Structure formats: C-alpha cells, structure tokens
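S.K.: Return atomic coordinates for the entry below.
(chains A, B, C and D)
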There are 2 protein chains.
Amino acid sequence: MIRENIGELEELVMLIAGALHPEAYAVVIRKELLDKMNRKVVLSSVHTVLNRLESKGYLISEFGEATPERGGKRKRYFTITQSGLAALKEVRNKREQLFSDLLNVDFKFQ
Amino acid sequence: MIRENIGELEELVMLIAGALHPEAYAVVIRKELLDKMNRKVVLSSVHTVLNRLESKGYLISEFGEATPERGGKRKRYFTITQSGLAALKEVRNKREQLFSDLLNVDFKFQ
DNA sequence: TACTATTGTCTATTTAATTGACAAATCAGA
DNA sequence: TCTGATTTGTCAATTAAATAGACAATAGTA
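M.R.: From the prediction side, this is the model:
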C-alpha cells in the first residue's frame, strides 16, 4: 500500500525539481538538497523518490539529448505537474495554519 | 542510525502538540491530525512518533493525574521544547525559500 | 587504449511508519 | 457487584520509505 500523503524528502524534491525547471535532473536536485537544505542524500535516494513521485503523477520525465557535452548517460529531466503543484500548495497551507496556532499558544504560555 | 531531519508525520505531530499545549496527549493529537490535516493514522503510530520525538529532545512528557474523570490509563501530556520549536522554525524557513523559488519559476514558464 | 567523469539502474539493507492485539484503569448499567 | 463499554497506553510484527553500494552506459582526455 502506498501512502497518500507526501513524505518529507518527497516534498523537498518536488519543490526543488519545480524551482529548477526546465533543468531538473537527479544530480542537480541532489546538489540543491545539500546546498539549500543541508540535506545529505545519496544519488540513488533521489532517483528512488523521483520515480515514486512520477508514479504518483506529481512529476513527469523525459530524456534529454542523446549526445551530452561530457560523459554520462542521457539526463532524465523532471517537470512538476499541476497535480504536484496543487499537492504542495495544499500541505503548505494546512501546515501554515498549524504553525500560526502554535505561535499563538507559544505567546500565551511562554 | 537516527535521521537528523524531521519526518513528515513528526513535523505535524510536533506542530499539533505545540498548538494543543498544555492539553496535548496522543488521543487528541490524533484527532487534530484527522480534523485539520485529514491525516489518518492509528493511535499507536502517534505514540511511536511521540516517543521518537521525545528521545530526540524535541518534546518532553509527564503523566497526568492518577484518577481521570472517565476511564483510561493516566494521560501522558507532551510539551514542545525550545529545541523542538527551533527545529520547526528552521525547516519552515528553508522550505518557504524553496517555495518562493518555485512560484517564481512557475510564473516565468507557465 | 586506459582512465576519469557524469548520469542512471538495480538489489539489498536499514530505518520509519503502520497495524493490530493486548493491558490498564474507570464508569455505567443490570 | 459483576459485566461490558470507554479511554488511554504498550508492545510485537509487518509494510513502506530511505539509504547504501555495486554496476552499467556514455563520452571526453591523457
């Protein structure tokens, strides 16, 4: 059974893939994860979640040109879908609501 | 090895436990998870993450009175720590930055 | 040609999340 | 007072997510 909610790594990868458009592929996503979130993951972890996000319909992918400038297999580029963007916005809004509830309590008690 | 980052469920549980202060215990946390986030979890899942968060130092707990009004074992109340609050704020800020990057790209390409 | 760099795939292992059965405590009604 | 329903917590087993590491594919460079 696959979870219907978005996991923590999944959310970050989606955000970064979206922000990197149209140059989002595993290697640079991993780099951004490290640079911007200080999140250390191995490449294959990024691939694992990219594949899972694609199977959930939150991302789509296509392979780049057959002859890259320098080494490597063809890059697989990912794009966020409308469904993916909507899912991101939804969790964000709900979490922001919780956050404001929390800060409110924090004000009263501490 | 314990992950240094906060998981998706962990984050929600911390936010809710904080917002429910000083009445946060597993059963009501689970109810809020359902009501506010439409997140369906079994009670023991909530307990599992509460225990993990406590062992990470993000929450602390104490047992309530030995003779509750109606049924049940003694309630275990959870409180968010300064460390927990700081961790929440940190991931939130970083994610917000990614989100604004994404919306910016979204504007340019779609 | 051999080496290095870049990217992706696959399999196995570890960690996190979930489930379900059970234990403990108390109230309410027969 | 016994029985059952309620409320809460604990524990063990299973499933899913995340990680690690070996390998394959492709191309530039010495």
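
S.K.: okay, CA-based contacts and neighbour counts for the rest of this
M.R.: Fine.

S.K.: Span of stretch A:59-79 from start to end?
M.R.: Start-to-end span of stretch A:59-79 (C-alpha to C-alpha, to the nearest Å) is 5 Å.

S.K.: list the contacts for A:Asp101?
M.R.: A:Asp101 sits next to B:Ala19 when contact means C-alpha atoms under 8 Å, 6 or more residues apart in numbering or on different chains.

S.K.: what about it, which SS state?
M.R.: Under the three-state scheme (DSSP: H, G, I helix; E, B strand; the rest coil), A:Asp101 adopts helix.

S.K.: For chain A, which segments count as strands?
M.R.: For chain A, applying DSSP state E gives strands covering A:59-63, A:76-80.

S.K.: To DNA strand C, which of the ones you listed lies closest?
M.R.: In terms of C-alpha to the nearest atom of the strand, the element of the strands of chain A nearest to DNA strand C is strand A:76-80, at 3.5 Å.

S.K.: What lies in contact with that closest one?
M.R.: Here strand A:76-80 makes contact (C-alpha under 8 Å, 6+ apart) with A:14, A:17-18, A:21-26, A:58-64.

S.K.: ditto for stretch A:5-18
M.R.: Stretch A:5-18 is contacted from outside by A:24-25, A:29, A:32-33, A:46, A:49-50, A:53, A:58-59, A:78-80, A:84, A:88, B:6-8, B:39, B:95, B:98-99, B:102, B:105-106, using C-alpha under 8 Å, 6+ apart.

S.K.: from those, which would you call buried?
M.R.: Burial by neighbour count, judged by 16 or more other C-alpha atoms under 10 Å in any protein chain shown, picks out A:24-25, A:29, A:32-33, A:46, A:49-50, A:53, A:58-59, A:78-80, A:84, A:88, B:6, B:39, B:95, B:98-99, B:102, B:105 from these.

S.K.: Chain A: helices as residue ranges?
M.R.: Along chain A, counting by DSSP state H, helices occupy A:8-19, A:26-37, A:43-55, A:82-109.

S.K.: could the strands of chain A be laid out in TSV, adding distance to DNA strand C and mean pLDDT?
M.R.: Output for the strands of chain A, formatted as TSV (distance: least, C-alpha to the nearest atom of the strand, whole Å; pLDDT from 0 to 100):
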stretch	distance to DNA strand C	mean pLDDT
strand A:59-63	7	94
strand A:76-80	3	95
